[in-house]
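**Student:** Below are the sequence and a predicted model for it; my questions follow.
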Amino acid sequence: GEDVEQSLFLSVREGDSSVINCTYTDSSSTYLYWYKQEPGAGLQLLTYIFSNMDMKQDQRLTVLLNKKDKHLSLRIADTQTGDSAIYFCAESILTGGGNKLTFGTGTQLKVEL
Amino acid sequence: EPEVTQTPSHQVTQMGQEVILRCVPISNHLYFYWYRQILGQKVEFLVSFYNNEISEKSEIFDDQFSVERPDGSNFTLKIRSTKLEDSAMYFCASSDAGGDQPQHFGDGTRLSIL
């Protein structure tokens, strides 16, 4: 079955880069996603990468995918206090009715001044 | 930017009562989903819905749960007889006609069962 793992906490100083890591198990994943959840809010789609890509960059965000090791990372450049949130990695399995997401536990990012 | 909206934001219900959680997906989307997140746990898939029928459901989605698209805009999740363990945040999501497209989530409904 599908399983997605993430480390629980990450603390960085403002202005540094943050790297959040994720491992997944299902090699049939089509897309891999990063969502951000701020306190009391929903899941905000940050970025996603197709499974046949190695890297995707979107402004301050860089996603790296190592399909052989089933390892995904999200790098946030110049981390700001507003980036403090929980970050969820999710893998997508295509089904007959769209795609089913399996989420990781979430990584709580704390940005310190 | 279009968004998924969910109501209510917080629902408090007595155990054994029926509850209906409501969602308005993004208007041109065709695939609809419900997920739940028990406090401190992972976000879990419940059900996907396409072409007016359930396309996939998880083990969690037992006979107490049902979904419906009663009109062209709403998508609802009904829990027939709530249990204490149904207390969770319930998220609705939708994706567009491509099927394997990013899912956009609402802000969730916090369901508290007393």
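**Tutor:** Received it, and whenever you're ready, just let me know what you need. Values in this document were obtained by computation on a predicted structure and should not be read as measured data.
**Student:** going forward, measure contacts between C-alpha atoms and count neighbours the same way
**Tutor:** Noted.
**Student:** Quick check, pLDDT for the spatially most central residue of chain B.
**Tutor:** In chain B, the centroid-proximal residue (CA atoms, centre = their mean) is B:W34; its distance is 3.3 Å. Among the per-residue scores, B:W34 holds a pLDDT of 97.
**Student:** With A:P39 instead?
**Tutor:** A:P39 is assigned 85 on the pLDDT scale.
**Student:** That one: what's it in contact with?
**Tutor:** By CA atoms under 8 Å, 6 or more residues apart in numbering or on different chains, the contact set of A:P39 is A:A85.
**Student:** In chain B, which residue sits nearest chain A?
**Tutor:** Residue nearest to chain A within chain B: B:D107 (3.6 Å; CA to the nearest CA).
**Student:** That residue against B:E3, yeah?
**Tutor:** No: at 9.6 Å, B:D107 does not count as touching B:E3 under the criterion of CA atoms under 8 Å.
**Student:** Could you check which of those two has the larger neighbour count?
**Tutor:** More crowded of B:D107 and B:E3, by other CA atoms under 10 Å in any protein chain shown: B:D107, with 22 against 15.
**Student:** Helix, strand, or coil at that one?
**Tutor:** What DSSP: H, G, I helix; E, B strand; the rest coil gives for B:D107 is coil.
**Student:** show me what contacts it?
**Tutor:** A:41-43, B:4-6, B:9, B:91.
**Student:** phi, psi of it?
**Tutor:** Note on B:D107: its backbone torsions stand at phi -80, psi -10 [degrees, to the nearest 10].
**Student:** Pull up the gap between it and B:Y35, please.
**Tutor:** Plainly put, B:D107 is 12 Å away from B:Y35 if you go by CA to CA, to the nearest Å.
**Student:** Can you report how many residues neighbour the closest residue to B:D96 other than its chain neighbours?
**Tutor:** Leaving aside its sequence neighbours, B:D96 sits nearest to B:H29 (CA to CA, 6 or more residues apart in numbering or on different chains; 4.0 Å). Residues near B:H29, counting by other CA under 10 Å, number 17.
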